[in-house]
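Novice: Structure, please.
(chains A and B)
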Protein chains: 2
Amino acid sequence: MFHPFRQAKILITGGLGFIGSNLAIALVKKQAIVTIVDNLTPNQGGNLFNINPIKNDVTVRNFDIRDTAAMEQLVKNKDYIFHLARQTDHVLSQKDPFPDIDINIRGTTIILEACKKHNPHVKFIYTGTRGQYGKAITLPVSEDAPTNPRGIYEVTNLTAEKIVQIYHDIHGIRSVMLRLTNIYGPRAQMKHNHFGVVNWFIRLALDQTPIPVFGDGLLQRDFIYIDDATNAILKTAASENCYGEVLNIGKEKAETFLHLAKTIVKLSKNASYTFAPFSKERASQEPGHFASDITKIHRLTGWRPKTTLTTGLVKTLNYYKKYRTYYW
Amino acid sequence: MFHPFRQAKILITGGLGFIGSNLAIALVKKQAIVTIVDNLTPNQGGNLFNINPIKNDVTVRNFDIRDTAAMEQLVKNKDYIFHLARQTDHVLSQKDPFPDIDINIRGTTIILEACKKHNPHVKFIYTGTRGQYGKAITLPVSEDAPTNPRGIYEVTNLTAEKIVQIYHDIHGIRSVMLRLTNIYGPRAQMKHNHFGVVNWFIRLALDQTPIPVFGDGLLQRDFIYIDDATNAILKTAASENCYGEVLNIGKEKAETFLHLAKTIVKLSKNASYTFAPFSKERASQEPGHFASDITKIHRLTGWRPKTTLTTGLVKTLNYYKKYRTYYW
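Specialist: The predicted structure is shown next:
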């Protein structure tokens, strides 16, 4: 069997966050040697408890990715870098565009420059967002669809992806550029609704607070469970035919927010939902229905999501019932 | 007759540069009240002599566009902002990506934030580059072609354009987003070949130094003369149906570099050209043939370029013969 990550030296930026910590746990299981860099910026999802199951098996370094000297040290001798650190707070990015520009664009470039200078043979995995597409023209959305992002967070993620592509093409840094859809599951932050809508619905359900379903609730999204996303990310990192490629991670079959809310309510005691109007700001940035064309990633890696919405929601509800105190 | 710029209050960022100064001269002719902001960064094209014909008719302010307080003052009470200030040095951007990120992305956003706060009714004209497309898939290239920029300068211009689009869509700043092809003519810098290939060829011809034609010289570009570009920019600024639109400024008929070199040689005494190999870096970022689909701008404004290559080159040669001392 092929074990690409056994004894591999890995750096995960934002490794105390939702996706980063789930990746770290999966990689430790595969006997990788994992270093996490995370500065635990408030409200961004970083949480030391996220790595509780592997806390003795990983090295955690508390640096900002914009610390050039620190990044130049940390990228050295790594086989893979999973770059997850991001300014993710949508509410902040609507008020102030500069943290997104600084962290998402300049921060990503600092890491790439460090790789160029100190580790040009590393494999670099970048995780962007389906928001880079903006409004879908046809569904499901494939990787060559137009990219018309509707917010600063989405633009800065697109920019970082394009810079990663340049470092791949010009400087030979082998890179995978992923566009992730709505991911949910254990280890996402639950303190606020500035990002991560499915997990926020779950918090409301557990709090027995009505879940607000915007408009008629018939907007569709391809919600995917974290373990499916983690598997996809690892498969692309291990597949040479993915280097230099932009790849969607999502689902071709979308579900409505109303269906999501109803399913959560069905699975939780005393939960409920209620219809609510879109705020003006939310309406102006709302890109409409979304579903990901995953033909390309399936063709290159064989990956497909496996977890049904109900199974994923049950696992997520159970996790937060058990560990609520670390997230509320 | 419709005189949209008569007594209009105008701010031109980078107004001492090539395109900015030509715009300033055209606007003063139309009786606009022009303020230029330019910090004369070395090697970027800013040159006080550029505005010599209008030096008593414009206000020049020496600020960096990243000076938030200065920009907040300067955007006030303006009817139009033409945003030309940019980090344009390709050689610098290959060595160090951070000035492009800081000036082109963050700088543009500083101006847009200033408009949002202090002048949301302004009309904002953004000039990007055909480099935002990267390699052309079909020729001529229309505005909905994929955008796969091959260098940091081009990525940062694309990002700034997308941020302008967001401020248009979300915050109601009426904006035009232009993508300019290779422009040449009077008032471009002539000190180095880090950008502005046609003008560089002209300098070499006037210096009686052989013009290097890369590869077989059969790469095609749609070179356009500055007066045509200036007219196009002003027409889009004055056309309400252009607000919120991305528009190419270029030519549908491209010419080869070899033809360009031969034409310059024919028009200049003792000039010559020679074939030269592409450098590795140049080859890796070279996007191939290019020509602009200008159906859209023609439909919305009636604009078409009028100047033949020979006419434009003669005017350019004459300008630099006369004013050589201010540019060499």
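
Novice: How about the contacts made by the closest residue to A:Ala160 other than its chain neighbours?
Specialist: Leaving out its chain neighbours, the residue that sits closest to A:Ala160 by C-beta to C-beta, 6 or more residues apart in numbering or on different chains is A:Thr108, at 4.0 Å. The C-beta positions use only the backbone N, C-alpha and C, and glycine is treated the same way. A:Thr108 makes contacts with A:Ile65, A:His83, A:Tyr126, A:Ala160, A:Ile163, A:Val164, as judged by C-beta atoms under 8 Å, 6 or more residues apart in numbering or on different chains.

Novice: Distance check, the fifth one against A:Asn193.
Specialist: Spelled out, that is A:Ile163. 30 Å (C-beta to C-beta, to the nearest Å).

Novice: Neighbour count: those two, which is higher?
Specialist: Under the neighbour definition other C-beta atoms under 10 Å in any protein chain shown, A:Ile163 and A:Asn193 were set side by side, and A:Ile163 has more, 23 against 15.

Novice: Quick check: that one is in a helix.
Specialist: Yes. Counting by DSSP: H, G, I helix; E, B strand; the rest coil, one finds A:Ile163 located in a helix.

Novice: Would you confirm that it contacts A:Asn104?
Specialist: No. Under the criterion of C-beta atoms under 8 Å, A:Ile163 makes no contact with A:Asn104, lying 10.1 Å away.

Novice: need the residues of chain A near chain B, please.
Specialist: Applying C-beta under 8 Å from any C-beta of the partner chain, one finds that chain A approaches chain B through A:97-98, A:101-102, A:105-106, A:109, A:113, A:144, A:146-152, A:155-156, A:158-159, A:162-163, A:165-166, A:169-170, A:281, A:284-285.

Novice: re the thing from before, tell me the SS of the residue nearest to A:Ala160?
Specialist: On the basis of three-state DSSP, A:Thr108 is classed as helix.

Novice: Next one: it, what pLDDT does it get?
Specialist: According to the prediction, A:Thr108 has pLDDT 98.

Novice: again, but for the one 3 residues further on
Specialist: Confidence at A:Ile111, expressed as pLDDT, is 98.

Novice: What of A:Arg174?
Specialist: So, for A:Arg174, pLDDT stands at 98.

Novice: so who does the closest residue to it other than its chain neighbours touch?
Specialist: Taking C-beta to C-beta, 6+ apart as the measure, A:Arg174 lies nearest to A:Tyr243, with 4.2 Å between them; neighbours along the chain are not counted. Contacts for A:Tyr243 were tallied using C-beta under 8 Å, 6+ apart; they are A:Lys123, A:His168, A:Arg174, A:Ser175, A:Val176.

Novice: Tell me which of these fall in strands.
Specialist: Secondary structure from DSSP state E places A:Lys123, A:Arg174, A:Ser175, A:Val176 of these in strands.

Novice: Please tabulate these in a markdown table, including the columns neighbour count and distance to A:Gln7.
Specialist: Putting these into a markdown table (neighbours: other C-beta atoms under 10 Å in any protein chain shown; distance: C-beta to C-beta, whole Å) gives the following:
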| residue | neighbour count | distance to A:Gln7 |
| --- | --- | --- |
| A:Lys123 | 23 | 15 |
| A:Arg174 | 19 | 19 |
| A:Ser175 | 27 | 22 |
| A:Val176 | 27 | 21 |
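
Novice: Any buried residues in the helix or strand harbouring A:Lys116, and which?
Specialist: Assigned by DSSP states H and E, A:Lys116 falls within helix A:108-118. Buried positions in helix A:108-118, judged by neighbour count with 16 or more other C-beta atoms under 10 Å in any protein chain shown: A:Thr108, A:Thr109, A:Ile110, A:Ile111, A:Leu112, A:Glu113, A:Ala114, A:Cys115, A:Lys116, A:His118.

Novice: Between all of the residues you listed, which two are separated the most?
Specialist: Spanning the widest gap among the buried residues of helix A:108-118 are A:Thr108 and A:His118, at 16.1 Å by C-beta to C-beta.

Novice: ranges for the helices of chain A?
Specialist: Defined through DSSP state H, the helices belonging to chain A, from first to last, are A:18-29, A:68-74, A:90-95, A:98-100, A:108-118, A:152-169, A:197-206, A:226-237, A:257-267, A:280-285, A:295-301, A:309-323.

Novice: which one of those is the most hemmed in?
Specialist: Greatest average neighbour count among the helices of chain A goes to helix A:152-169 (a mean of 26), per mean count of other C-beta atoms under 10 Å in any protein chain shown.

Novice: between it and helix A:108-118, how big is the angle?
Specialist: Per axes from the mean of the first three to the mean of the last three C-alpha atoms, to 10 degrees, the angle that helix A:152-169 makes with helix A:108-118 is 20 degrees.

Novice: and helix A:152-169, what other elements does it pack with?
Specialist: In terms of contact count using 3 or more C-beta pairs under 8 Å, 6 or more residues apart in numbering or on different chains; DSSP states H and E, helix A:152-169 is assigned the packing partners helix A:90-95, helix A:98-100, helix A:108-118, strand A:123-129, strand A:174-180, helix B:152-169.

Novice: Any idea how far that helix is from the middle of the chain?
Specialist: Computed by C-alpha atoms, centre = their mean, to the nearest Å, the separation of helix A:152-169 from the middle of its chain amounts to 15 Å.

Novice: Let's test this: mean pLDDT of it, rounded?
Specialist: Across helix A:152-169, the per-residue pLDDT values average to 97.

Novice: can you check stretch A:193-203 too?
Specialist: Regarding stretch A:193-203, the rounded mean pLDDT is 94.

Novice: Just the residues contacting that stretch, thanks.
Specialist: With contact meaning C-beta under 8 Å, 6+ apart, stretch A:193-203 is reached by A:18, A:43, A:45, A:88-92, A:182, A:184-185, A:188-190, A:192, A:211, A:223, A:257, A:260-261, A:264, A:268, A:313, A:316-317, A:320, A:328.

Novice: same thing but 6 Å
Specialist: Among residues not part of stretch A:193-203, those counted as contacts by C-beta atoms under 6 Å, 6 or more residues apart in numbering or on different chains are A:Thr88, A:Asp89, A:His90, A:Val91, A:Tyr184, A:Ala188, A:Met190, A:Ile211, A:Phe223, A:Ile264, A:Thr316.

Novice: May I have it as CSV, with CA atoms only?
Specialist: As requested, the backbone C-alpha atoms of stretch A:193-203 are provided in CSV (Å, rounded to 0.1, in the frame of the first residue of the first chain):
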residue,chain,number,x,y,z
ASN,A,193,-22.4,33.4,13.0
HIS,A,194,-19.8,35.4,11.1
PHE,A,195,-18.9,32.2,9.1
GLY,A,196,-20.0,28.6,9.1
VAL,A,197,-23.7,28.6,8.7
VAL,A,198,-24.4,24.9,9.2
ASN,A,199,-22.6,24.8,12.5
TRP,A,200,-24.4,27.9,13.6
PHE,A,201,-27.7,26.3,12.9
ILE,A,202,-26.5,23.4,15.1
ARG,A,203,-25.6,25.7,17.9
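
Novice: Against B:Leu178, how distant is A:Pro120?
Specialist: Note on A:Pro120: its distance to B:Leu178, by C-beta to C-beta, is 37 Å.

Novice: likewise A:Gln165?
Specialist: A:Gln165 is 24 Å from B:Leu178, where distance means C-beta to C-beta.

Novice: what pLDDT does A:Met1 get?
Specialist: The predicted local distance difference test score for A:Met1 is 61.

Novice: same question, A:Thr311
Specialist: With respect to pLDDT, A:Thr311 scores 98.
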